[in-house]
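*Asks:* here is my input, please return the structure:
(chains A and B)
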Amino acid sequence: MACIEASGLRKSFGATVALDGVNLRVEEGRIFGLLGPNGAGKTTALNAILGLTPYQGELRVLGRDPWAERDQLMRDVCFIADVAVLPRWIRVSQVLDYVAGVHPRFDRAKAEGFLAQTTIRRASKVRQLSKGMVAQLHLALVMAIDARLLVLDEPTLGLDIIYRKQFYDSLLNDYFDRQRTIVVATHQVEEIQHVLTDVMFINRGRIVFESSMEQLESRYAEVMVHPEHVAAARALRPIHERQLFGRSILLFDHVDRRQLAGFGDVRMPSIADLFVAVIGNQAGQRQGAAK
Amino acid sequence: MTTNTQSNAMPESSLNPQIAPAVISPARRMYWSMRRELWENRSIYIAPLAAAAVALVAFLFGIIALPGHRMSTVMALDPAKQRAQIVLPYDVAAGLIMATAFFVGLYYCLEALHSERRDRSILFWKSLPVSDLTTVLSKASIPLVLMLFSFALTFVTQFIMLLLSSAVVLADGLSVATLWTHVSLFQRSPMLLYHLLTVHGFWYAPIYGYLLLVSAWARRAPFLWAVLPPLAISAVEKIAFNTTHFVSWVAYRFSGPEASTPAAGSTLMDVMAAVSPAQFFSTPGLWTGLAIAAAFIFAAVRLRRYRGPI
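*Replies:* Coordinates of the predicted model:
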């Protein structure tokens, strides 16, 4: 069964269309990255998945209709909306008590175990913790819940690099077990490249690109082309070209690597470069159409 | 910022999905949701406690600053006046605690569904398997908690007051019999509880429901949204029709169904308990009020479903 299945998902706020017919399928056991520029519709898509907002179209999450059954769905789904949603007045001990009190799948001992590795004290209020510690606390709570789907929306926004790295390391080492599914939305693309199994780009409410990481590695190649080969390389119709230190870097889709090897160093493009290529091309086309 | 290292040596994640998850009853979710409210809003118990402390200090001042003097003059009065005189501070203390609890309840309801959106914590609460119905009902039950707490607190406060004045009376070599007959705590407390249950529980329910609804609805300034529309309605009614039905309707709702002219010499408590249960439960305004309260709370539940951070 697919963990998340959406077809023709639409959502508009007045005249602004936030989701414009999104089709989406996330299989269980994947780490799925939803990437897009600001205002692309990432958060709206996640809110629909979490039952926080009504929508048009078909959407099933773990076989349930999220808008109609949010509270039941939340027994199997966890989410971290962003770093600052834990109430500032609550004590660490109280939030442990509360989640243990209402959540059937919360393992308090496990959460205590995670917290023991941090400097977070049980008597502290959330307002007394640093931003990074709040993220650690929230992650400790979420990792102690035996959920089937974890949704993260910009979970590391505003954290310093050490906390950001720790956050994803903990997720991978202590939480992800290849049965659970993680959906993460962010525009800090570089940091999660090595974490993901699948990636999807969303722009202006539409899905503009989707691929598994294996596919992506075999499909796309980036070449730093020697000046004398630029014309020949361009003839192979790269999807994107940029300049770096006076050299041309061309991005190819579905072009034989052996053929490319003659032009210069071939390597796997970063998601960030691919993102810029795909989203940039789209913006270019749009401008071209406007002219 | 602390930079403690989180190593790979974290506890093993248990791979036991076949372990049946604990079943959590709706009552348990309700219980923890209400505890949550008490953690966040400590004024629910601190404010009535402070009111009780103020009443006790004032009472202590009264009996110590005027030792014996007051009690002996009171003893010389005729029985009806004597009773009114003795009972007065007890009633005022009860009234202070009750009024404090009432205002705390109003303020609480107005904030209850607004502050969680203002501080974005609604996203955290909604990430847990607690329905909007449970959440709103747990918040709507806080005025009842306040009512029961203020009753218990009033009883304890009045009991301490009785002990204090008994000590003074005994020290003066007088008999405590008159005092105990008039104050008769165990007879008067059920009257207070009756008043609290009927008026603060049933009669005021639509007021609390209305405030919860405004708190769920308003994007900002819930106080203004709660207060200004009724004011505007009253003004429009007065200007357009030169009538004051709306104002009197609101005033009636706040004053309670017992607002008849009290008999001479009756104490505050006598007035409060003047309406018999049969009279009270056959007041038509009671049942419409309760229906309206239920509609308001239901609307607040529906609204919370659509609400996110503001």
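
*Asks:* can the helix or strand containing residue B:100 be said to contact chain A?
*Replies:* Secondary structure assignment for residue B:100, by DSSP states H and E: helix B:79-112. No - shown here: helix B:79-112 not in contact with chain A (C-beta under 8 Å from any C-beta of the partner chain), separated by at least 12.2 Å. C-beta here means a position set from N, CA and C on the backbone, and glycine is covered the same way.

*Asks:* confirm that residue A:7 sits in a strand.
*Replies:* Yes - applying DSSP: H, G, I helix; E, B strand; the rest coil, one finds residue A:7 inside a strand.

*Asks:* identify the bridge partners of it.
*Replies:* Per DSSP bridges, the residues bridged to residue A:7 are residue A:58.

*Asks:* follow-up on the earlier one: any buried residues in the helix holding residue B:100, and which?
*Replies:* Going by neighbour count (16 or more other C-beta atoms under 10 Å in any protein chain shown), the buried part of helix B:79-112 is B:82-87, B:89-91, B:93-98, B:100-102, B:104-106, B:108-112.

*Asks:* what count of nearby residues applies to residue A:127?
*Replies:* When neighbours are counted by other C-beta atoms under 10 Å in any protein chain shown, residue A:127 registers 11.

*Asks:* that one reaches residue A:92, doesn't it?
*Replies:* No - in this structure residue A:127 lies outside contact range of residue A:92 using C-beta atoms under 8 Å: 11.3 Å.

*Asks:* contacts only, for the closest residue to residue A:77 other than its chain neighbours.
*Replies:* Sequence neighbours aside, residue A:149 is the residue nearest to residue A:77 in space, at 4.6 Å (criterion: C-beta to C-beta, 6 or more residues apart in numbering or on different chains). Contact partners of residue A:149, counting by C-beta atoms under 8 Å, 6 or more residues apart in numbering or on different chains, are A:3-4, A:61-62, A:76-78, A:180-183.

*Asks:* hmm, try it at 7 Å
*Replies:* Residue A:149 makes contacts with A:3, A:61-62, A:76-77, A:181, as judged by C-beta atoms under 7 Å, 6 or more residues apart in numbering or on different chains.

*Asks:* distance of it relative to residue A:51?
*Replies:* Distance, residue A:149 to residue A:51, using C-beta to C-beta, to the nearest Å: 12 Å.

*Asks:* repeat for residue A:129
*Replies:* Distance from residue A:129 to residue A:51, by C-beta to C-beta: 28 Å.

*Asks:* same thing with residue A:10?
*Replies:* In terms of C-beta to C-beta, residue A:10 sits 16 Å off from residue A:51.

*Asks:* what's the answer for residue A:265, then?
*Replies:* From residue A:265 to residue A:51 the distance is 48 Å (C-beta to C-beta).

*Asks:* kindly report the same for residue A:29.
*Replies:* Counting by C-beta to C-beta, the gap from residue A:29 to residue A:51 is 22 Å.

*Asks:* what's the answer for residue B:107, then?
*Replies:* Distance, residue B:107 to residue A:51, by C-beta to C-beta: 31 Å.

*Asks:* ok, now residue A:206?
*Replies:* 23 Å.

*Asks:* ok, those two, which is more surrounded?
*Replies:* With neighbours defined as other C-beta under 10 Å, residue A:206 and residue A:51 compare such that residue A:51 has more, 24 against 17.

*Asks:* okay, and that one sits in which element?
*Replies:* Remark: residue A:51 resides in no helix or strand, with elements defined by DSSP H and E.

*Asks:* show me the contacts for it.
*Replies:* Contacts of residue A:51 (C-beta under 7 Å, 6+ apart): A:66-67, A:70, A:73.

*Asks:* pLDDT weak spots in chain A?
*Replies:* Along chain A, segments meeting pLDDT under 70 span A:83, A:283-291.

*Asks:* what residues does the stretch 51-200 of chain B have near chain A?
*Replies:* B:119-121, B:123-124, B:126-131 (C-beta under 7 Å from any C-beta of the partner chain).

*Asks:* look at the residue in chain B that chain A sits nearest to and say how many residues are nearby.
*Replies:* Residue nearest to chain A within chain B: residue B:32 (3.3 Å; C-beta to the nearest C-beta). Neighbours of residue B:32 under the rule other C-beta under 10 Å: 22.

*Asks:* from the chain's centre, how far out does the helix or strand containing it sit?
*Replies:* Residue B:32 belongs to helix B:26-40 when assigned by DSSP H and E. Taking C-alpha atoms, centre = their mean, to the nearest Å, one finds helix B:26-40 lying 17 Å from the centre of the chain it belongs to.

*Asks:* who's in contact with residue A:127?
*Replies:* A:88-89.

*Asks:* confirm that it sits in a strand.
*Replies:* No - counting by three-state DSSP, residue A:127 falls outside a strand, being helix.

*Asks:* domain parsing for chain A?
*Replies:* Annotated domains of chain A cover A:2-85+A:136-204, A:215-290 [automatic domain parsing].

*Asks:* residues of stretch A:7-27 that come out buried?
*Replies:* Those would be A:9, A:11, A:17-20, A:22, A:24, A:26, for stretch A:7-27 by 16+ other C-beta under 10 Å.

*Asks:* in strands only, show me those residues.
*Replies:* Counting by DSSP state E, those place A:9, A:11, A:17-20, A:22, A:24, A:26 in strands.

*Asks:* of all those, which two lie farthest apart?
*Replies:* Farthest pair in those (C-beta to C-beta) is A:17 and A:26. Separation: 22.4 Å.

*Asks:* in stretch B:115-132, which residues are buried?
*Replies:* Neighbour counts over stretch B:115-132 (16+ other C-beta under 10 Å) mark B:115-117, B:119-132 as buried.

*Asks:* can I get the CA coordinates of that stretch in PDB?
*Replies:* Output for stretch B:115-132, consisting of C-alpha atoms alone and laid out as PDB, is shown next (Å, rounded to 0.1, in the frame of the first residue of the first chain):
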ATOM      1  CA  SER B 115      -3.400  31.900  22.400                       C
ATOM      2  CA  GLU B 116      -2.600  28.500  20.900                       C
ATOM      3  CA  ARG B 117      -2.900  30.100  17.500                       C
ATOM      4  CA  ARG B 118      -1.000  33.200  18.400                       C
ATOM      5  CA  ASP B 119       2.000  31.200  19.700                       C
ATOM      6  CA  ARG B 120       1.700  28.700  16.900                       C
ATOM      7  CA  SER B 121       1.500  25.800  19.400                       C
ATOM      8  CA  ILE B 122      -1.800  24.700  17.700                       C
ATOM      9  CA  LEU B 123       0.500  22.900  15.200                       C
ATOM     10  CA  PHE B 124       1.900  20.900  18.000                       C
ATOM     11  CA  TRP B 125      -1.400  20.100  19.700                       C
ATOM     12  CA  LYS B 126      -2.800  19.100  16.300                       C
ATOM     13  CA  SER B 127       0.100  16.800  15.700                       C
ATOM     14  CA  LEU B 128      -1.200  14.600  18.500                       C
ATOM     15  CA  PRO B 129      -4.200  12.200  18.400                       C
ATOM     16  CA  VAL B 130      -6.600  14.500  20.300                       C
ATOM     17  CA  SER B 131      -9.700  15.600  18.500                       C
ATOM     18  CA  ASP B 132     -10.900  19.100  18.300                       C
END
